[in-house]
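> predicted model, plus sequence, below.
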Amino acid sequence: MRFIVAVSLLLAIGGAALLVAGFLPQPRVTAMLAARAPDGSVTQAYVASFQTRARICGLALLLIAVFGVRRPQSPLSPREPQLARPDLAAIAIILIGAIARASLLTQPLHYDEAFTFVEYASRSPLFFLTRYLHPNNHVFHTLLVWLMPGDALPLLRFPAFAAGVLLLYLTWLLGTRLHDRATGLIACALAAGATPLVEYSAQGRGYTILACCALVLYLVTPELDARWPIAAAAIAIGAWTMPVMIYAAAAWAAWVVATRRPLPWRSLVATAIASAAATFVLYVPILVITGPKSITANGTVLPVSFDVLRRELPRMLADAWTHWNLSWTIAGMIVVAVAAVIAAIRQRGREPFFIGAVVALALTIAMRRVPFARVWIFLVPLYLIAAASGLAFVVRRRGVAIVAIVIAALTSWNAVRLTARPDFFEDEAMRDAPAVARLVPRDGQVLITTPLDAPLAWYLRDRRDVVVFRFDSDPAAVRAALTAPKRYLIASRRDTGLDAFHQLGLGGTLVPLHVLDHATIYEIR
């Protein structure tokens, strides 16, 4: 109760502060905002919209604070649930998966994680907690990365890695609770080597955190009447990491409605209200500073026409299916898929994966969005649990531990082999980024073009003379920034025409200095 009162008091103070900011004279607010944004981006129209958002959010925070004090959450039951301890076989499988993921922590940066590090995690929390300029800002994950005591790659990737290892335990636990020990072991073994789970456990992104939050929902369902605050917290943390948590939350809610009798509708309503309020509170700084459209209507999540949806959705589903099954051979892919179908038949379609997949697909169509295939990563553990249930039906129970360990070892090795290949990167030149950072001359300015801009901006973060030319850069501003007598260009060898460079209109001749496997360092003469 004291915790609830303390939180409500903080929300009331925050709401009152926003209301004050919303009703201050506009010139004063303009001066306050301009002091933190001296680049001239604070216009009169922005100040007016900022004050409107401040009033609305301030009033909403006050209402949440009052409701929290008058209607406190029901306390958890006196006996806290005991998490099951994994047996030796489960520990061995989790260890195999952890080793596979740890082996990739030092591999060169991928584009999106580099963009996150450079544009968000390397800045003050006052920046990334209040601005949602790109979906790369997985806010909760960005905060965890910022809290790391250093900028070595393994440290920056540690939050995703820790969540990826935790995901293996949660997969084992959920498979065991939904079915039996054999299912839990096989599901954990499949998850240990599932390519998307391995990949995003070794990249500085928030997808493994999202997947963990989704599995927590299913784990608390048997005690939902007492544990709905945990479910609400899981949804809020997942949504603060990525707004696409709405897919996972809707899938879980549909599964509860389809499988639980009597239906715990009071707990579902409480979870929905509490999670919505908590998510709103966490996003208030962003809602006030950059506005709700920065979340709902940025370039990558805009709705598309039904013609585009009809054309692109099958491609996205095919990409997701291919990505999920990279770790197995074609025969293995067929076996896993058939086993999942067997589980669906045995459970009469009540498996979490099938209900979740239908709901997620329905939401995608209803909202006319075409998300990246990785958005569906929260379904991967559920799919593997369904497949493990079907496999456990035919595997001898005595030998299931050995079979699961062998599966984990083989698929983990294959997943590491695949995700370390140059063609697994957005551009193979990213594999050369560490070498480029060592070889690039230090006697002049360095021009970096897309897609090497984000990775090399991180590797060359000690170089103040680096000039980044992204797809959204102003060519005139880039030309004006290139003032040094000696200038160098780093380009991907895939871009044989060097179109991005020629768009700048700098003139001169490009003289190769270092030709690497996938990238070239030029001097601009």
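Nice, thanks for sending it over.

> skip the chain neighbours and tell me the closest residue to Lys486.
Leaving aside its sequence neighbours, Lys486 sits nearest to Gly444 (C-beta to C-beta, 6 or more residues apart in numbering; 3.0 Å). The C-beta positions use only the backbone N, C-alpha and C, and glycine is treated the same way.

> ok, the one you found - contacts?
Residues counted as contacts of Gly444 (C-beta atoms under 8 Å, 6 or more residues apart in numbering) are Asp465, Ala484, Pro485, Lys486, Arg487, Tyr488.

> now for this structure, the helix or strand with the poorest mean pLDDT.
When the helices and strands of the chain are scored by mean pLDDT, DSSP states H and E, helix 499-502 comes last with a mean of 77.

> which parts of that helix are buried?
Ala500, Phe501 (16 or more other C-beta atoms under 10 Å).

> next one: stretch 465-483
Buried residues in stretch 465-483, counted by 16+ other C-beta under 10 Å: Asp465, Val466, Val467, Val468, Phe469, Ser473, Val478, Ala481, Leu482.

> cool, stretch 150-157 as well?
Residues of stretch 150-157 classed as buried under the neighbour-count rule (16+ other C-beta under 10 Å) are Leu153, Leu156, Arg157.

> among those residues, name the ones in helices.
Within these, residues falling in helices by DSSP state H are Leu153, Leu156.

> adding distance to Ile407 and pLDDT, write the buried residues of stretch 150-157 out as JSON lines.
Shown next, in JSON lines, are those (distance: C-beta to C-beta, whole Å; pLDDT from 0 to 100):
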{"residue": "Leu153", "distance to Ile407": "29", "pLDDT": "93"}
{"residue": "Leu156", "distance to Ile407": "31", "pLDDT": "94"}
{"residue": "Arg157", "distance to Ile407": "25", "pLDDT": "96"}
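
> ok, the buried residues of stretch 150-157 vs Ala435, which is closest?
Leu153 (15.0 Å; C-beta to C-beta).

> and the gap between the closest one and Ala114?
Distance, Leu153 to Ala114, using C-beta to C-beta, to the nearest Å: 10 Å.

> all helices for the stretch 51-200 of the chain, in order.
Using DSSP state H, counting those that start in this stretch, the helices assigned to the stretch 51-200 of the chain run over residues 88-102, 111-116, 125-128, 139-146, 153-156, 158-178, 181-193, 195-201.

> which of those helices sits most buried?
Ranked by mean neighbour count under mean count of other C-beta atoms under 10 Å, the helices of the stretch 51-200 of the chain are led by helix 181-193, which reaches a mean of 29.

> any idea of the angle that one forms with helix 158-178?
160 degrees (axes from the mean of the first three to the mean of the last three C-alpha atoms, to 10 degrees).

> average pLDDT for helix 181-193, rounded please.
Taken as a whole, helix 181-193 has a mean pLDDT of 95.

> got the CA positions of that helix in PDB?
C-alpha atoms of helix 181-193 as PDB (Å, rounded to 0.1, in the frame of the first residue of the first chain):
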ATOM      1  CA  ARG A 181       8.900 -32.500 -18.500                       C
ATOM      2  CA  ALA A 182       9.700 -34.000 -21.900                       C
ATOM      3  CA  THR A 183       7.900 -31.100 -23.700                       C
ATOM      4  CA  GLY A 184       9.800 -28.600 -21.600                       C
ATOM      5  CA  LEU A 185      13.200 -30.100 -22.400                       C
ATOM      6  CA  ILE A 186      12.600 -30.500 -26.100                       C
ATOM      7  CA  ALA A 187      11.100 -26.900 -26.400                       C
ATOM      8  CA  CYS A 188      14.200 -25.500 -24.500                       C
ATOM      9  CA  ALA A 189      16.500 -27.500 -26.800                       C
ATOM     10  CA  LEU A 190      14.800 -26.200 -29.900                       C
ATOM     11  CA  ALA A 191      14.900 -22.600 -28.500                       C
ATOM     12  CA  ALA A 192      18.600 -23.000 -27.700                       C
ATOM     13  CA  GLY A 193      19.400 -23.200 -31.400                       C
END
